[in-house]
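Engineer: predicted model and sequence below, questions to follow.
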Amino acid sequence: TAYFSTGGPSSKNYIEILGQRFPTDDYTNITPAIIAKTPLQLHVKSAHPLSTLRGLIESAYPDFTHVSTMSPLVSPYYANRDMMLRTHTSAHEVEMFRKGETRWLLTADVYRRDEIDASHYPVFHQVEGARIFDASPSGMKEVEEDNARVSGILAKSNIVIEDTLHISPTNPVQHNHDPVFSELVAKNLKLSLNNLLLKVFGGVAGISKQEPLRVRWIEAYFPFTSPSFEVEVFFQGKWLEILGCGVIRQATLDTAGVENKIGWAFGLGLERIAMVLFGIPDIRLFWSTDPRFLSQFEQGKITTFQPYSKYPSCFKDVSFWLPQKSEIHENDFCDIVRDTAGDLVEDVKRIDHFIHPKTNRTSLCYRINYRSMDRSLSNEEINHVQSQVVSQLVERFEVEIR
Ligand code: FA5
Ligand code: MG
């Protein structure tokens with residue numbers, strides 16, 4: 001699911017995003033809380049952890065074009081006038097290749113309707129990286145030279161790579177690719193990303209000072225790459241999902257008017273990496289304007305966040321019967337909560353799901369955990385917010401409150 005600006009309920013007949021007006025229609029579901037995030041551009045805000053991490057990633061690709069100011073408004077199908085907020089940076093692949101770029105990194109804010117907890121937020125940031133080569137013996141010579149160079153660096157580094165992946169029926173070479181070319185390019189992708197991860201995680205205490213950095217490659221599926229992979233890093237006792245990548249589908253390059261090239265692309269999320277590198281325990285903190293947060297960081301430096309005391313939590317439950325015919329998706333509920341209560345919500349959990357044996361009606365109960373990052377909340381204030389959540393729920397989904 002995605003945020004569309006045109007095509008949900010709105011009282012005005014237009015919405016304004018980054019100074020541009022868009023007519024609203026029955027698809028419009030972008031909330032004021034989401035629109036308010038679009039100008040913030042945390043990934044280029046000096047001294048912000050997300051900006052420092054972007055810089056660190058860019059430093060691993062010094063000879064690439066670096067882009068970080070693309071408008072978040074993209075066309076869903078590249079064919080009509082309707083606009084949506086991008087859900088991933090891959091939305092810009094075609095236009096980057098069309099411009100003739102052959103090696104590039106693009107960092108941007110992305111928008112998804114998602115669950116609410118310490119590691120999910122409806123806005124986060126991704127870096128997309130791509131490189132294409134001539135699909136010819138001379139292009140492949142360039143790949144082999146680069147592979148030899150990066151293999152040399154990795155051989156001298158404290159890194160353990162788990163990668164038993166072979167091209168397989170479930171993760172095939174594209175029919176229009178020479179399998180030897182595809183394999184060389186996939187190798188280049190893997191070496192390049194292992195080198196990136198060494199750069200990003202290599203300096204972190206506890207990872208590679210004594211213990212090696214552990215990286216794991218897993219088979220994946222993405223509609224715009226094949227073969228495709230996901231990469232995980234072992235950190236603080238857990239495998240952390242870092243990115244998705246693969247050999248670019250030829251259709252992308254064809255659409256961009258690029259001929260006789262083959263290459264790779266990857267997309268990684270900045271927040272999850274920044275949370276572990278800087279020790280930031282809650283994804284909402286990235287959006288904090290509290291000087292106790294912002295003043296802790298310096299551009300270009302990875303330092304450990306010193307938590308300041310947390311304010312108390314306040315739990316509120318809401319139970320309701322669903323209307324007979326309609327379905328409400330968990331993310332629709334989270335959306336209403338996020339829109340009405342904003343960053344005052346720490347997380348939302350469904351605590352009951354019940355189907356009445358006689359009437360067959362469904363009842364749901366959600367528990368909302370209210371806690372501000374920046375101040376103590378009064379019970380009155382929370383009751384007020386909670387009553388707004390409840391009335392929105394009734395208005396939008398015609399539920400019956402129990
Ligand atoms: C994608 O978005 C693909 N476009 C990645 C890609 C690019 C594949 C190019 C192939 C070629 P995915 O939805 O898995 O894939 O997101 C990529 C990364 O973004 C994840 O690995 C994770 O690090 C991060 N991410 C995804 N969802 C969230 C979220 N809700 N909050 C924080 N980070 C997230
Ligand atoms: Mg994923």
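Structural biologist: Right, received. Where do you want to start? Numbering: from 1, shown residues only. Ligands and ions are numbered 1, 2, ... in the order given.
Engineer: domain assignment for the protein?
Structural biologist: Listed domain ranges for the chain are 37-287, 314-401 (source: automatic domain parsing).
Engineer: mind putting the ones you listed in a markdown table, mean neighbour count included?
Structural biologist: Heads up, the C-betas are built off the backbone N, CA and C, glycines and all. Formatted as a markdown table, the domains of the chain follow (neighbours: other C-beta atoms under 10 Å):
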| stretch | mean neighbour count |
| --- | --- |
| domain 37-287 | 18 |
| domain 314-401 | 15 |
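Engineer: which stretch among those domains comes nearest ligand 1?
Structural biologist: Smallest distance to ligand 1 across these (C-beta to the nearest ligand atom): 2.4 Å, for domain 37-287.
Engineer: any part of that closest one near ligand 1?
Structural biologist: Yes: Domain 37-287 is in contact with ligand 1 by C-beta under 6 Å from any ligand atom, via 88, 90, 112, 114, 120, 124, 126, 222, 225, 228, 241-246, 265-269, 271-272.
Engineer: can you tell me the distance between the two ends of that domain?
Structural biologist: Start and end residues of domain 37-287 are separated by 9 Å (C-alpha to C-alpha, to the nearest Å).
Engineer: pLDDT on it, on average?
Structural biologist: Average pLDDT, domain 37-287: 92.
Engineer: quick check: bridge partners of Val233?
Structural biologist: For Val233, the beta-bridge partners under DSSP bridges are Val215, Leu240.
Engineer: and the gap between it and Thr164?
Structural biologist: As judged by C-beta to C-beta, to the nearest Å, Val233 and Thr164 stand 17 Å apart.
Engineer: contacts only, for Val390.
Structural biologist: 318, 401 (C-beta atoms under 8 Å, 6 or more residues apart in numbering).
Engineer: now it: which helix or strand?
Structural biologist: helix 379-397 (DSSP states H and E).
Engineer: just checking, Leu53 is part of a helix?
Structural biologist: Yes: secondary structure of Leu53 (DSSP: H, G, I helix; E, B strand; the rest coil): part of a helix.
Engineer: helices along the stretch 151-300 of the chain, start to end?
Structural biologist: 179-201, 250-255, 270-278, 291-294 (DSSP state H, counting those that start in this stretch).
Engineer: which of these sits closest to Met84?
Structural biologist: helix 250-255 (18.2 Å; C-beta to C-beta).
Engineer: which other residues reach the closest one?
Structural biologist: Applying C-beta under 8 Å, 6+ apart, the set of residues contacting helix 250-255 from outside is 78, 93-94, 97, 132, 174, 176-177, 224, 259, 261-263.
Engineer: how about 6 Å then?
Structural biologist: For helix 250-255, the external contacting residues (C-beta atoms under 6 Å, 6 or more residues apart in numbering) are 93-94, 174, 176, 224, 261.
Engineer: same thing with stretch 313-325?
Structural biologist: Residues outside stretch 313-325 that contact it (C-beta under 6 Å, 6+ apart): 361-363, 365-371, 382, 386, 390, 398-402.
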